[in-house]
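Engineer: Please find the sequence and the predicted model below.
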Amino acid sequence: MANAIKDSVEVALELDEKEVYSHIAHESAEDIMRIISSIDAERAGNKGEVIYYEDDWDDLIRQRIQKGKRHTAFDFYNPMLLDIWEKKVHEARRIKKIAGIAWGVIGAIIVLTGIATAITGVPWIVLGLAYVPLMLYARSYRREKLDLIYYELSQFFIDEMRELLEKHGLDPYRYRFKIFNYDYFGILTKKIGGQRYAVISTGQPLNTSPSNDEMEGD
């Protein structure tokens, strides 16, 4: 197909050396923007907030790893990324599984004691309800552990983005991203049109419009 879309490496090889790095740095920064926003959206959802965000961070990271393997010659791939990501995903799945089993077992106990109470007239349901605090604990444990995992992943990519922007002199404001939690290190936040955005703090002057609101940071 004559008009087939070229991937970033094919395009980069047609450019001079400076443009090669600029092109891949730009693409990498855009990928990381989407990953951070997607993870942070799931983190907010885990806290009970209603967040409408279409990107799947797990899939985005998989795509970035595939691109990274093609970009290795240009030093745009962090080999630690795969290990960190897989470890965190495995841990998150384990926590969800444990919490799910706990809820299922406790729920079954409550139902069974309720049935026993209805059949025998003996208040077995009281015994079942005694397990409710364990169900609440499992819910709290799941929420707190997942929040930490999402936080660590988001912070990891924020740090990777900062290194990328500083190394290649990219304008941090150009790569601002949506954010729903504000406790990350090394970012400035800004409200634009009702949505809160984050900008990586690199010490570089930001190319912002004078009409925009003031940036907020830690």
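Structural biologist: Yes, it's here.
Engineer: okay, CA-based contacts and neighbour counts for the rest of this
Structural biologist: Fine.
Engineer: Would you map the strands across this protein?
Structural biologist: In the chain, the strands defined using DSSP state E lie at 177-178, 187-192, 195-200, 216-217.
Engineer: Could I get the ones you listed in CSV, plus columns for distance to Ile61, mean pLDDT and mean neighbour count?
Structural biologist: Below are the strands of the chain laid out as CSV (distance: least, C-alpha to C-alpha, whole Å; pLDDT from 0 to 100; neighbours: other C-alpha atoms under 10 Å):
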stretch, distance to Ile61, mean pLDDT, mean neighbour count
strand 177-178, 16, 92, 22
strand 187-192, 21, 86, 19
strand 195-200, 19, 90, 21
strand 216-217, 27, 54, 14
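Engineer: Save the ones you listed as CSV, and put in distance to Ile95 too.
Structural biologist: Shown next, in CSV, are the strands of the chain (distance: least, C-alpha to C-alpha, whole Å):
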stretch, distance to Ile95
strand 177-178, 27
strand 187-192, 29
strand 195-200, 29
strand 216-217, 32
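Engineer: Which residue comes closest to Tyr182 once chain neighbours are left out?
Structural biologist: Counting by C-alpha to C-alpha, 6 or more residues apart in numbering, Tyr182 lies nearest to Thr189, which is 7.7 Å off, once chain neighbours are set aside.
Engineer: Report the beta-bridge partners for that neighbour.
Structural biologist: Residues in a beta bridge with Thr189, per DSSP bridges, are Ala198, Glu216.
Engineer: measure it to Glu152 for me?
Structural biologist: Distance of Thr189 to Glu152, computed by C-alpha to C-alpha, to the nearest Å: 19 Å.
Engineer: residue closest to the middle of this structure?
Structural biologist: Of all residues in the chain, the one closest to the mean position by C-alpha atoms, centre = their mean is Ile39, 1.5 Å from it.
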